[in-house]
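Asks: From the sequence below, what's the structure:
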Amino acid sequence: MSVLVAIALISAWLRWYTFTYQILPGQIVIARGLIKRTRRSIPAERIQDVSIKQGPLSRVIGIAEVRIETGGGEADEGRLVSVSLPEAHRLREVIRSIRVGGTGAEASSEDGTAEAEALLFQMGMPRLLFSGVFNFSLVWIAGIFGALQYLEQVLGYGWDRWREVVGVAEQAIQSQLNGMVLLSVAGFAVALGVLAGVTRTVLQNFGFTLTYDDARFRYRRGLLTRSEVVVAKRQIQLGLVERGAVSGGLGWSALKVQTLGGGDQVSGRQELAPFARSHELAPIIALAGLPPFDRSHLKAVSGWHILRGLIGMVVLPTAILLVVSLFYPIAALLLVAMPVMLGVALLRRRRHRYGLAATSLQVTRGVLVRREWTVPYGNVQSVTVRRGPFQRLVGIATVRIDTAGGSGINGPRVHDIEDARAEALVRDLIQRVEALRTSTDTDPA
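Replies: Take a look at the predicted model:
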C-alpha cells in the first residue's frame with residue numbers, strides 16, 4: 001500500500017512539475033507531459049475571457065481552477081488547475097489586456113475591475129429559498145432506493161425478504177389502511193421533493209450576482225463550489241427565457257443565453273438570471289444585444305401537432321404501461337399521470353408559435369415549462385427540414401435552426417408545420433440572413 005501511495009504522489013508531482021504556461025505577445029502557450037510532451041498555443045483573438053472556479057477544498061487552501069474560454073468546444077483547451085487565487089485574478093486581467101492588443105503589463109487591478117462593473121441582478125436568500133420551492137425534485141428518493149440496493153449487495157438482505165415483510169405488514173394493517181395514510185405518504189414524498197429542490201438551488205445559486213462591464217457579463221454563484229463565469233456579448237448566439245407552469249404564472253422567469261462553444265459547458269449555455277421578474281430581465285436582454293420577444297406576429301403550427309402529442313405522450317405510454325403491469329402490477333400506478341399527459345398533449349399546439357421579426361427568429365414552445373427563443377438573423381448557421389414517417393404521411397415537417405453555439409434537443413425548433421409553410425419559412429429566413437450578411441460586408445464601418 002505504501003508503495004502505491006508513493007507512486008501516486010510521485011506521479012502527481014511530475015504532472016505538476018511538467019505543467020507550465022506562458023503569456024506571450026498575442027498568445028498563451030500551455031505545455032504539459034514528461035514522456036509525451038504537448039504544447040498548445042491559444043491565439044489572443046480566440047480568447048473570450050477567463051473563468052475562475054473554486055471547490056470546497058480549493059476555497060480552504062486558497063487555490064482555484066482557471067479556464068481560458070475560447071470559441072471552441074473543447075472543455076480542457078485552456079484549463080489551469082490548482083492556481084493560487086491571486087494568480088488567477090492576475091491571469092484574468094493580463095489576458096484581458098492582451099486580448100485587446102496590449103502586452104499585459106498595463107492590466108488593471110481586480111479591485112478596480114470589480115468597482116467598474118455595473119450590478120445588473122442579484123439573488124438574496126429569501127428569493128433563493130422561494131425559487132428552490134419550484135425546483136421540486138425526487139432525486140433524493142431515487143438516492144434512497146439506490147442506497148437500499150447497495151445494502152442488498154453488501155449485507156445480503158435481498159428484495160425477496162423485503163417482499164415477505166411487506167406482505168405480512170400489508171395483511172396486518174390492511175383493515176386500517178385509509179385515505180389519510182395515503183395522503184400522509186404522498187405529503188411526505190412532496191415535502192422530501194421540495195427539500196431536495198431547495199437544497200440543490202441553494203448549493204448552486206447561493207450569492208448569485210450578475211455584473212456588466214466592457215461588453216461582458218460576469219456572474220458569480222455557488223455555496224460549496226464557488227464559480228465565476230464571464231460571458232462576452234459578442235459570443236452570444238441566442239436568448240432563451242423559461243417560465244415554469246406555476247412560477248411563470250406568478251411572474252417569475254429565467255434567462256439563458258447560448259454562446260460559442262458547445263453543450264452546457266463553459267462557453268456553452270449560460271444562465272444570466274435564474275429567477276427574475278420581467279422588468280429585471282429587460283435591461284439584461286437589451287445589453288446582450290437581443291431584441292425583445294414580440295408575440296403579436298407569431299403563427300400557430302399545424303393541428304396535426306396535437307395528434308402527434310396524443311400518440312407519443314398518451315397512447316403509446318399507456319399501452320406500454322398496461323403490458324408491463326401484467327408482469328409488474330406496481331407499474332399500473334404510473335397510469336395516474338396519464339390525465340396530466342393528456343392535458344399537455346392537448347395544449348401543445350396552443351403554446352407552440354413561431355415568427356420572423358424585424359431582426360430575429362422567435363419561437364415559443366412548451367406547456368409545463370414555457371420557453372421563448374430569440375435568434376438574431378446574423379447568428380443563424382444552418383436550417384434543416386426534417387420529416388418523420390408520420391409527418392410525410394400527413395404532409396407536415398419540422399424546421400430546425402442551429403447556431404454556432406450548439407444544437408441541443410431543447411433548441412429553437414418549429415415542429416409540425418405544413419410542407420408549404422415550412423418551405424416558405426426556410427426561404428424567407430435564408431433571404432433575411434443573407435441580406436443581413438451582405439449589408440454587413442458592404443458596410444464601410
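Asks: Kindly check the end-to-end length of stretch 333-340 for me.
Replies: 14 Å (C-alpha to C-alpha, to the nearest Å).
Asks: Pull the distance from that stretch to the chain's centre.
Replies: Taking C-alpha atoms, centre = their mean, to the nearest Å, the mean C-alpha location of stretch 333-340 is offset from the chain mean by 28 Å.
Asks: contacting residues around it?
Replies: With contact meaning C-beta atoms under 8 Å, 6 or more residues apart in numbering, stretch 333-340 is reached by Val314, Pro317, Thr318, Leu321, Leu322, Ser325. In short, each C-beta sits where N, CA and C put it, glycine included.
Asks: quick one: least confident of those?
Replies: Lowest pLDDT of the contacts of stretch 333-340: Ser325, 89.
Asks: Run a quick neighbour tally on it.
Replies: Taking other C-beta atoms under 10 Å as the criterion, the count of residues near Ser325 is 15.
Asks: give the contact list for it.
Replies: Shown in contact with Ser325 (C-beta under 8 Å, 6+ apart): Ala331, Ala332, Leu335.
Asks: List the buried residues in the strand or helix carrying it.
Replies: Taking DSSP states H and E as the criterion, Ser325 maps to helix 316-327. By neighbour count with 16 or more other C-beta atoms under 10 Å, helix 316-327 contains the buried residues Pro317, Leu321.
Asks: distance between the following helix or strand past it and the chain's centre?
Replies: As assigned by DSSP H and E, the chain's next helix or strand after helix 316-327 is helix 338-351. On the basis of C-alpha atoms, centre = their mean, helix 338-351 sits 24 Å off its chain's mean C-alpha point.
Asks: angle of helix 338-351 against helix 316-327?
Replies: Relative orientation of helix 338-351 versus helix 316-327 (axes from the mean of the first three to the mean of the last three C-alpha atoms, to 10 degrees): 170 degrees.
Asks: In helix 338-351, which residues are buried?
Replies: In helix 338-351, counting by 16+ other C-beta under 10 Å, buried: Met341, Leu342, Val344, Ala345, Arg348, Arg349.
Asks: For the strand or helix carrying Arg96, which helices and strands make contact with it?
Replies: Assigned by DSSP H and E, Arg96 falls within helix 85-99. Under the contact definition 3 or more C-beta pairs under 8 Å, 6 or more residues apart in numbering; DSSP states H and E, helix 85-99 sits against strand 20-24, strand 47-54, strand 63-70, strand 79-84, helix 110-116.
Asks: Tell me which of these lies nearest to Ala12.
Replies: Smallest distance to Ala12 across the helices and strands packed on helix 85-99 (C-beta to C-beta): 10.1 Å, for strand 79-84.
Asks: May I see the buried residues of that closest one?
Replies: Applying a neighbour-count criterion of 16+ other C-beta under 10 Å, one finds Leu80, Val83 buried in strand 79-84.
Asks: so where's the stretch 51-200 of the chain uncertain?
Replies: 71-77, 99-116, 137-182, 185 (pLDDT under 70).
Asks: I'd like to know which of the contacts of Ser325 is nearest to Gln362.
Replies: Out of the contacts of Ser325, the member with the shortest distance to Gln362 (by C-beta to C-beta) is Leu335, at 37.4 Å.
Asks: Next one, pLDDT for that closest one please.
Replies: pLDDT at Leu335 comes out at 90.
Asks: try Thr38
Replies: At Thr38, pLDDT is 86.
Asks: residues touching it, list them.
Replies: Contact analysis of Thr38 by C-beta under 8 Å, 6+ apart lists Ala31, Arg32.
Asks: Look up how far Ile47 lies from it.
Replies: 19 Å (C-beta to C-beta, to the nearest Å).
Asks: quick one on the thing from earlier: adding pLDDT and distance to Val241 as columns, could you present the buried residues of helix 338-351 in TSV?
Replies: Supplementary listing: those in TSV, determined by pLDDT from 0 to 100; distance: C-beta to C-beta, whole Å:
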residue	pLDDT	distance to Val241
Met341	94	25
Leu342	95	27
Val344	94	20
Ala345	95	24
Arg348	94	19
Arg349	95	20
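Asks: could you dump the host helix or strand of His415 to CSV, C-alpha only?
Replies: Here His415 sits within strand 413-418, counting by DSSP H and E. Extracted in CSV, the C-alpha atoms of strand 413-418 (Å, rounded to 0.1, in the frame of the first residue of the first chain):
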residue,chain,number,x,y,z
ARG,A,413,-37.2,24.1,-33.5
VAL,A,414,-40.6,24.6,-35.2
HIS,A,415,-42.5,21.4,-35.1
ASP,A,416,-45.2,20.1,-37.3
ILE,A,417,-46.0,22.9,-39.9
GLU,A,418,-47.4,22.2,-43.3
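Asks: Can you give the distance from the top helix by length along the chain to the centre of its chain?
Replies: Longest helix of the chain, by residue count under DSSP state H: helix 179-205. For helix 179-205, the separation from the chain centroid amounts to 23 Å (computed by C-alpha atoms, centre = their mean).
Asks: repeat for stretch 53-65
Replies: Taking C-alpha atoms, centre = their mean, the mean C-alpha location of stretch 53-65 is offset from the chain mean by 24 Å.
Asks: buried stuff in it?
Replies: So stretch 53-65, judged by 16+ other C-beta under 10 Å, has buried residues Lys53, Gln54, Ser58, Ile63, Ala64, Glu65.
Asks: May I have that stretch as CSV, with CA atoms only?
Replies: C-alpha atoms of stretch 53-65 as CSV (Å, rounded to 0.1, in the frame of the first residue of the first chain):
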residue,chain,number,x,y,z
LYS,A,53,-13.9,28.1,-10.2
GLN,A,54,-13.3,27.1,-6.6
GLY,A,55,-14.4,23.8,-4.9
PRO,A,56,-14.8,23.5,-1.1
LEU,A,57,-11.2,22.3,-0.6
SER,A,58,-9.8,24.9,-3.0
ARG,A,59,-11.5,27.7,-1.1
VAL,A,60,-9.9,26.5,2.2
ILE,A,61,-6.4,26.4,0.8
GLY,A,62,-6.7,29.4,-1.4
ILE,A,63,-6.4,27.9,-4.9
ALA,A,64,-8.6,27.9,-8.0
GLU,A,65,-9.2,26.4,-11.4
